[in-house]
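**Student:** Predicted model and sequence below, questions to follow.
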Amino acid sequence: MPIEYPPRISLARLPTPLQPLDRLTEKYSAPHGGPRLWVKRDDLTESGMSGNKLRKLEFIAGAARDRGCDTLITCGGIQSNHCRTTALVGARLGMRVQLILRGEHSGAADGNLLVDQLAGASCGFYPPREYFSRQAELFEYWRDFYEHRGHRALCIPTGASDGLGIWGYIAGAEELLEDCRALGFEPDQIICATGSGGTQAGLTLGCHLLGARSRVTGFAVCDSAEYFQQKVREDVSEWKAGREDATDPGKLDVTVNADYIGPGYAIADEAVYRTIAEVANLEGLLLDPVYTGKAFHGLLQELHGGRYQHCENLVFVHTGGHFGLFPHREHFGFLQ
């Protein structure tokens, strides 16, 4: 049966391209008997609003409109792709945007933060300890702040990863599988970066609902494999609430590789920066050091080690993030 989707506002340029990565396949996969590599270009969902968050925000914006909201409140790091996309979505739809940002800021804005400011979002900066310990309180404060001024706000969690945002990648999974079938195959593996869990949750649930045999693997960029396995199942449980659906979140195959997180969230080592440069050089594909660069580096290491030999086709979901590349410019000194 076809999937019945909730209200959404069309914002992304869909479908995004699915393209082969033949030079990377030849170098990293073919010598080990591995799969043909493909990339789903969700970095091309739009220009400024590019990336995976826009798919989620289509459904969140639809819910905001249905609930009579004129303000969006969300949170993330200073270089959050999700916050940048939310700021631009709000500007596009004529909604106010309040960002709760982790970290202290001084000097000129760069990368995603610069775009936040260009889009007119209001930015509140909080030291990490306060950001994490008071996050629920901060959301409540800003929601009340706008309510007392005659506005109605919708609060969006980190990465738009919850039972509503998950719809973005249920639809994304359906689109990806249709792309692959049009080219005569069903992917054995679908790979994505996992930073808040919502994209992996949507892809995993979408493949399950559509009866696909494709296995989804998330390469974690923070936290642990156990954390993301639980988070994905929590998102699916929230999605299921109030629905007549037989899906058991506990029985979903939630596969997470947490071996390539490196020094920590948003901190990469030189090997990741060299992978970013190599992928750009071989395929003209821009990755970022926080999400896609780490995940793709991990994928290449796994292929070099002989992983995925049983696969014929592997699709990497490019979730965007190129604005976050530029604040890391000092780490590419080896190019000079």
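**Tutor:** Perfect, I can see it now. Numbering: from 1, shown residues only.

**Student:** C-alpha only now, for contacts and for neighbours.
**Tutor:** Noted.

**Student:** average model confidence for stretch 14-27?
**Tutor:** Averaged across stretch 14-27, the pLDDT comes to 98.

**Student:** Pull out the buried residues from that stretch.
**Tutor:** Pro15, Thr16, Pro17, Leu18, Pro20, Leu21, Asp22, Leu24, Thr25 (16 or more other Cα atoms under 10 Å).

**Student:** Mind telling me what element the closest residue to the fifth one other than its chain neighbours is part of?
**Tutor:** Translated: Pro20. Leaving out its chain neighbours, the residue that sits closest to Pro20 by Cα to Cα, 6 or more residues apart in numbering is Trp38, at 4.2 Å. If you go by DSSP states H and E, Trp38 is part of strand 36-41.

**Student:** Tell me which residues are up against that strand.
**Tutor:** For strand 36-41, contacts defined as Cα atoms under 8 Å, 6 or more residues apart in numbering pick out 16-22, 24-25, 29-30, 176, 312-319.

**Student:** Relative to that strand, what are the paired strands and their orientations?
**Tutor:** strand 18-20 (antiparallel), strand 313-318 (parallel) (DSSP bridges).

**Student:** Which of those strands sits closest to Tyr141?
**Tutor:** Tyr141 lies closest, by Cα to Cα, to one member of the strands paired with strand 36-41: strand 313-318, at 34.9 Å.

**Student:** For that closest one, which outside residues touch it?
**Tutor:** 35-43, 51-52, 185-193, 292, 296.

**Student:** just the buried members of those residues?
**Tutor:** By 16+ other Cα under 10 Å, the contacts of strand 313-318 give 35-43, 51-52, 186-193, 292, 296 as buried.

**Student:** and the strands paired with strand 36-41 as JSON lines, adding distance to Tyr131?
**Tutor:** Shown next, in JSON lines, are the strands paired with strand 36-41 (distance: least, Cα to Cα, whole Å):
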{"stretch": "strand 18-20", "distance to Tyr131": "38"}
{"stretch": "strand 313-318", "distance to Tyr131": "28"}
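
**Student:** end to end, how far does stretch 202-221 reach?
**Tutor:** With Cα to Cα, to the nearest Å as the measure, stretch 202-221 spans 18 Å from end to end.

**Student:** who's in contact with Cys155?
**Tutor:** Leu72, Ile73, Thr74, Phe139, Arg143.

**Student:** Against which helices or strands is whichever strand or helix holds Ile170 packed?
**Tutor:** Assigned by DSSP H and E, Ile170 belongs to helix 167-182. Using 3 or more Cα pairs under 8 Å, 6 or more residues apart in numbering; DSSP states H and E, the elements in contact with helix 167-182 are strand 18-20, helix 53-66, helix 198-209.

**Student:** Model confidence for Ala246, exactly?
**Tutor:** At Ala246, pLDDT is 84.
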